[in-house]
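Student: quick one: sequence and predicted model below, then my questions.
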Amino acid sequence: MKNLNLSILNKNYRPRKKWIFWTVVTLLAISIIYAGYMLTQAPSGIAENEYQRVKSDYVLMIFQCVVGLIVIFIPSKIERKYSIDIPDIMEIIFFLFLFAAIYLGEVRNFYFRVPHWDSVLHGFSALMLGALGFLLVNYINDTGILDVRLSPFFVALFAFNFTVTVGVIWEIYEFLADGILQTNMQKFITAEGEILIGREALTDTMKDLIVDAVGGFVVAAGGYFALMTRREQKVEETGREDKFVKPKKE
């Protein structure tokens, strides 16, 4: 019944997924063309205000849009290569996140126009990554790739660590982009051109990591209690204690 419900759910979301997918792909492609043209017109150096775009901003915009066009195809590649059925709703959420982070945030400048836009996206991505971590562990459990069935605590721990690790990798990506492309993804330069030092220069990075950790913990805690509740219900129905080690194959 669960598989049937999932099949029906995916069937209902599939047309929306395709429409959202191609909408985001089109917007990113158009943004690359737009940013390429504006790159030739924009001034160099430091922006006079937070709304003015300089050449480095358009270089970052092109780079972000290209990365977005690459990673948006990852879910379909994974499904085809590993025969994994990623729920359509999760793919839709992933596409919408790319739309919010790259098109709205970078192209439409929501990072400056909308207060705390960066923190909202980091919180949202932490919840999404935590859910993805649970999905990966459930896939391992269901397929029997390992000779053990992971406990609720370990599943929650993996989801939390997965979320924080991806958050750290993202901050490394921002650090490298700022160094190589001379951008300001880590917000170490103010809108007035002042270069921050010491603790102030670390504020944006540490805030993002804290938001990632909090979001990952919320998902991990919620998932842990959900798994424990399901385990207790199964024990009540079957009268047997759930074991987390599978019998070795002879």
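Tutor: That came through fine.
Student: now do the strands in the protein.
Tutor: Per DSSP state E, the chain carries no strands over any range.
Student: which residues in it form helices?
Tutor: Under the criterion DSSP state H, the chain contains helices at 2-41, 55-71, 74-82, 88-98, 110-113, 117-143, 152-181, 199-238.
Student: so for Phe188, which of these sits nearest?
Tutor: Closest of the helices of the chain to Phe188 is helix 199-238, at 4.7 Å (criterion: Cβ to Cβ). Where C-beta positions appear, they are placed from N, C-alpha and C, glycine not excepted.
Student: what is the orientation angle of that closest one with helix 117-143?
Tutor: With axes from the mean of the first three to the mean of the last three Cα atoms, to 10 degrees defining the directions, helix 199-238 sits at 30 degrees from helix 117-143.
Student: for helix 199-238, the distance to its chain's centre please.
Tutor: Taking Cα atoms, centre = their mean, to the nearest Å, one finds helix 199-238 lying 15 Å from the centre of the chain it belongs to.
Student: and that helix, what does it pack onto?
Tutor: Applying 3 or more Cβ pairs under 8 Å, 6 or more residues apart in numbering; DSSP states H and E, we find helix 199-238 packed against helix 117-143, helix 152-181.
Student: can you mark which positions in the last one are buried?
Tutor: Judged by neighbour count (16 or more other Cβ atoms under 10 Å), helix 152-181 contains these buried residues: 152, 155-160, 162-164, 166-167, 170-171, 174, 177-178.
Student: tell me how far stretch 161-171 lies from the chain's centre.
Tutor: Distance of stretch 161-171 from its chain centroid, counting by Cα atoms, centre = their mean, is 9 Å.
Student: quick one: contacts of it?
Tutor: 122, 125-126, 129-130, 132-133, 136, 186, 205, 208-209, 212-213, 215-216, 219-220 (Cβ atoms under 8 Å, 6 or more residues apart in numbering).
Student: show the buried residues in these.
Tutor: Those of the contacts of stretch 161-171 that meet the buried threshold are 122, 125-126, 129-130, 132-133, 186, 205, 208-209, 212-213, 215-216, 219-220, by 16+ other Cβ under 10 Å.
Student: look up the closest residue to Val218, ignoring the ones flanking it.
Tutor: Leu127 (7.1 Å; Cβ to Cβ, 6 or more residues apart in numbering).
Student: dihedrals phi and psi, Ser83?
Tutor: phi 60, psi 40 (degrees, to the nearest 10).
Student: got a list of what the spatially most central residue of the chain touches?
Tutor: Closest to where the C-alpha atoms of the chain average out (Cα atoms, centre = their mean) is Ser125, at 4.2 Å. By Cβ under 8 Å, 6+ apart, the contact list for Ser125 reads 97, 101, 166-167, 212, 215.
Student: re earlier: count of residues packed around the residue nearest to Val218?
Tutor: If you count neighbours by other Cβ atoms under 10 Å, Leu127 ends up with 17.
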